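*Asks:* the following block contains a protein sequence and its predicted model.
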Amino acid sequence: MVRKMTVISVLVVLFALSFIHADETPGLKVESIRFCTAVEGRQPTGVDTVFTDSVECVYCLTKITGAADSVSISHVWYYGDEIKAKVDLPVRSGAWRTWSSKRILPVWTGKWRVLILSDDGNVLGSKSFTIATKPE
């Protein structure tokens, strides 16, 4: 009976410690994803989700929270189902803004998306934008 109580006590302590540890190491969270035509003074300009085919470059600005230590994330740029770029970015505090950019060729019209991945490959977030043909 004493042995059974000891085993139960140890399991309860281990269970409680797992919750305490989880609270000490919160997970990364994507607070926002914004597409824009430039980043000036760490602020996005030309924010939109539809750009004309004359746009030369699109930026993906991401706000990440929950980093307990210096980690990295990746922006994976998709045109349709094809990966066009993967950019690794550092996250160095609990609230961090970072961005990547992709040069856009005029023939790359249609749907794009950017996946935000943790350093272990988990999807933290995703957002889409469109490159539209400029009306003539």
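*Replies:* Structure received. Numbering: from 1, shown residues only.
*Asks:* and residue 64, how many residues sit next to it?
*Replies:* Neighbours of residue 64 under the rule other CB atoms under 10 Å: 24. All C-beta atoms are positioned from the backbone trio N, CA, C, and that covers glycine.
*Asks:* so how far is residue 104 from residue 77?
*Replies:* Going from residue 77 to residue 104 by CB to CB, to the nearest Å gives 10 Å.
*Asks:* identify the contacts common to these two.
*Replies:* Between them, residue 77 and residue 104 share no contacting residue under CB atoms under 8 Å, 6 or more residues apart in numbering.
*Asks:* and residue 109, what does it touch?
*Replies:* 53, 131-133.
*Asks:* most centrally placed residue in the chain?
*Replies:* The chain has residue 116 as the residue nearest its centroid, 3.0 Å off, counting by CA atoms, centre = their mean.
*Asks:* just checking: what are the partner strands of the helix or strand encompassing that residue?
*Replies:* Element membership for residue 116, per DSSP states H and E: strand 110-118. Here strand 110-118 has these sheet partners by DSSP bridges: strand 71-79 (antiparallel), strand 123-132 (antiparallel).
*Asks:* lowest confidence element among the helices and strands of the chain?
*Replies:* Counting by mean pLDDT, DSSP states H and E, the weakest-scoring helix or strand in the chain turns out to be helix 2-24, with a mean of 44.
*Asks:* can you list the weak-confidence ranges in the protein?
*Replies:* 1-26, 135-136 (pLDDT under 70).
*Asks:* circling back to that earlier point, let's have the strands paired with strand 110-118 in a markdown table, adding mean neighbour count.
*Replies:* Below are the strands paired with strand 110-118 laid out as a markdown table (neighbours: other CB atoms under 10 Å):
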| stretch | mean neighbour count |
| --- | --- |
| strand 71-79 | 18 |
| strand 123-132 | 16 |
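*Asks:* closest one to residue 46 among the ones you listed?
*Replies:* Checking these against residue 46 by CB to CB gives strand 123-132 as the closest, at 11.8 Å.
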